[in-house]
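S.K.: sequence below, structure please.
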Amino acid sequence: MTRYEQLSIEIGRQIAAGVLRPGDRIPSVRKASRAHCVSPSTVLQAYQLLEDSGQIHSRPRSGYFVSAHWKGLPAEPEVSRPTGVSTAVNVSDLVFEVLDSVKSDTVMHLGSAFIDPAVFPLKKLARFLGSAARSLPPRRMVADLPPGNRDLLRGIARRYLESGLGIGTEEIIVTTGAMEALSLCLRAVARAGDCIAIESPCFFAPLQIIERLGMKVVSLPTHPREGVDLAALAVALDKNAVQACWFMTNFQHPLGSLMPEEKKRDLVELLAARDVPLIEDDVYEELYFGLEKPKPAKAYDRKGLVLHCSSFSKALAPGYRVGWAAAGRYAPAVQRLKWISTLSSNIPAQAALADYLKLGGYDHHLRALRRSLETQQGHMLQAIGRYFPASTRVTRPRGGYFLWLELPEQVNALELYRQAAKNGISVAPGPMFSPQQGHENCLRLNYGRPWTPRVEAAVATLGKIACSLA
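M.R.: From the prediction side, this is the model:
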């Protein structure tokens, strides 16, 4: 954690404890710099975090003040407590019902799995795509078959290198989005009837893939800040014939947990000692808050057991459906499966993204997107604190664009989902994120759209419905 993040937490605790009350002026940048022995720029970064979260605001020529409407944030959920017993998966019917409800243009999409597309550089991408389609030599239709476009493979490998990972292009396979990468990786390491260790709660897409392939899962306790419980994982490995693990170590969906670096290392070592592969879903890797990009568990892999999967869909180009797998020792198997499943991913789109990585200003776009998401998270957290039942718990992730709400036990999330739909609001109820439709009083909300009075009104309506069910 950076010093400015630590400072923002320290001041946030003073606000939460009532030492600094709504309307109070907080120490000036100069005073805080001297008091905490940090540079003025560090203080400004800390104050920016607090301002983005809605805890403080600035007044021209007057300084910074605790926001008058600040109520404090709800408590965080506790670690999940699944049974740890291997089970079949039964979630697809519910998932498809909910997904159908988010297609309408008239719905407020708080249950969507996507960021508002208006935040992406779609016009610039379209120019790169048009240029690629016009100038693409016919031979590329064969040359860019799996593992994929050579320039794109090099671009992905360079981004790994910038994060401190020396992953060669020979290990990377371009896929049609991250979901194909993940599915191919699972098929490369497991078969029907095998047991897969997953987090609890878990994104519904892995559950659907596992269900379709006739596999079983063992769900593991997962902490809302630090990720899967490694002690519980060790027990599960002893008790079950776990063939593979499917985890998200960075900004787990839906909890948003970020596994500490030391814990990632321990996870990789635990699995390496038992020769169990890890499918690492890292689609939110670029959407971190703060200055330092977290490393994936793949950074600690020495045996080729970590199959790292990501895509451009969440941070840049959702409609292009271009992802990849850095599949370690399983790269040849994944590449063969790609050949016999979809043969090739969109070749002009691969070329366009390769050119964009070199010339399009990807990092500039990402910095602006991260700032927006962090600000929008602060607004939604405050709105949940204002409108939802007092005992509601909510996560506070340091990246991604989802919040996980744990409502009072008597609130049925499916009933809330149905009442919200009648009000033109989509939400993602907790049972979608469990192999047997658990988490009945939980909810996932998406803050990946600009905060407007209409969005706040929708959150207020959800809170009203939740209060009526409590």
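
S.K.: low-scoring stretches of the chain, by residue?
M.R.: 1, 16-17, 68-73, 101-103 (pLDDT under 70).

S.K.: can you map out the strands along the stretch 351-470 of the chain?
M.R.: Ranges of strands within the stretch 351-470 of the chain are 393-394, 402-406, 425-426, 428-429, 442-446, based on DSSP state E, counting those that start in this stretch.

S.K.: the stretch 101-250 of the chain too?
M.R.: 108-109, 172-175, 195-200, 216-223, 227-228, 242-247.

S.K.: partners of the first one in the sheet?
M.R.: Its sheet considered, strand 108-109 pairs with strand 425-426 (parallel) by DSSP bridges.

S.K.: how far away from the center of its chain is the partner strand?
M.R.: 20 Å (CA atoms, centre = their mean, to the nearest Å).

S.K.: same check, this time on stretch 153-161
M.R.: For stretch 153-161, the distance to the chain centre is 21 Å (CA atoms, centre = their mean).

S.K.: with stretch 423-437 instead?
M.R.: For stretch 423-437, the distance to the chain centre is 17 Å (CA atoms, centre = their mean).

S.K.: list the buried residues in that stretch.
M.R.: For stretch 423-437, the neighbour count (16 or more other CB atoms under 10 Å) marks 425-435, 437 as buried. Yep, even glycine has a C-beta here, placed from its N, CA and C like the rest.

S.K.: need the residues you listed in TSV (columns: distance to Val228).
M.R.: Listed next are the buried residues of stretch 423-437 as TSV, based on distance: CB to CB, whole Å:
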residue	distance to Val228
Ile425	31
Ser426	28
Val427	25
Ala428	21
Pro429	22
Gly430	18
Pro431	20
Met432	19
Phe433	14
Ser434	15
Pro435	15
Gln437	21
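
S.K.: just to revisit the earlier point, got the strands of the stretch 101-250 of the chain as JSON lines, with mean neighbour count columns?
M.R.: What follows is the strands of the stretch 101-250 of the chain, written out as JSON lines (neighbours: other CB atoms under 10 Å):
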{"stretch": "strand 108-109", "mean neighbour count": "21"}
{"stretch": "strand 172-175", "mean neighbour count": "28"}
{"stretch": "strand 195-200", "mean neighbour count": "25"}
{"stretch": "strand 216-223", "mean neighbour count": "24"}
{"stretch": "strand 227-228", "mean neighbour count": "26"}
{"stretch": "strand 242-247", "mean neighbour count": "24"}
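
S.K.: could those strands go into TSV alongside distance to Glu78?
M.R.: Written out in TSV, the entries for the strands of the stretch 101-250 of the chain read as follows (distance: least, CB to CB, whole Å):
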stretch	distance to Glu78
strand 108-109	29
strand 172-175	36
strand 195-200	12
strand 216-223	9
strand 227-228	14
strand 242-247	20
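
S.K.: of these, which is nearest Trp451?
M.R.: Minimum separation from Trp451 across the strands of the stretch 101-250 of the chain (CB to CB) falls at strand 108-109, 12.4 Å.

S.K.: any idea how far Glu51 lies from Pro450?
M.R.: In this view, Glu51 and Pro450 are 17 Å apart by CB to CB, to the nearest Å.

S.K.: with neighbour numbers in mind, choose between those two.
M.R.: Glu51 (17 against 13; other CB atoms under 10 Å).

S.K.: neighbouring contacts of stretch 49-56?
M.R.: 4-5, 8, 11-12, 15, 26, 47, 57-58, 64-67, 69-70, 371, 374-375, 377-379, 381-382 (CB atoms under 8 Å, 6 or more residues apart in numbering).

S.K.: doesn't Gln382 make contact with Val459?
M.R.: No - counting by CB atoms under 8 Å, Val459 stays clear of Gln382, with 9.6 Å between them.

S.K.: pretty sure Asp151 sits against Ala351.
M.R.: Yes - contact criterion CB under 8 Å: Asp151 and Ala351 qualify, at 7.3 Å.

S.K.: circling back to that earlier point, now for the buried residues of stretch 423-437, which pair is the farthest apart?
M.R.: Among the buried residues of stretch 423-437, Ile425 and Pro435 lie farthest apart (CB to CB), at 26.5 Å.

S.K.: which stretches in the stretch 1-150 of the chain count as helices?
M.R.: Assigned helices in the stretch 1-150 of the chain, in chain order: 3-16, 29-36, 40-52, 92-101, 122-135, 140-143, 150-162 (criterion: DSSP state H, counting those that start in this stretch).
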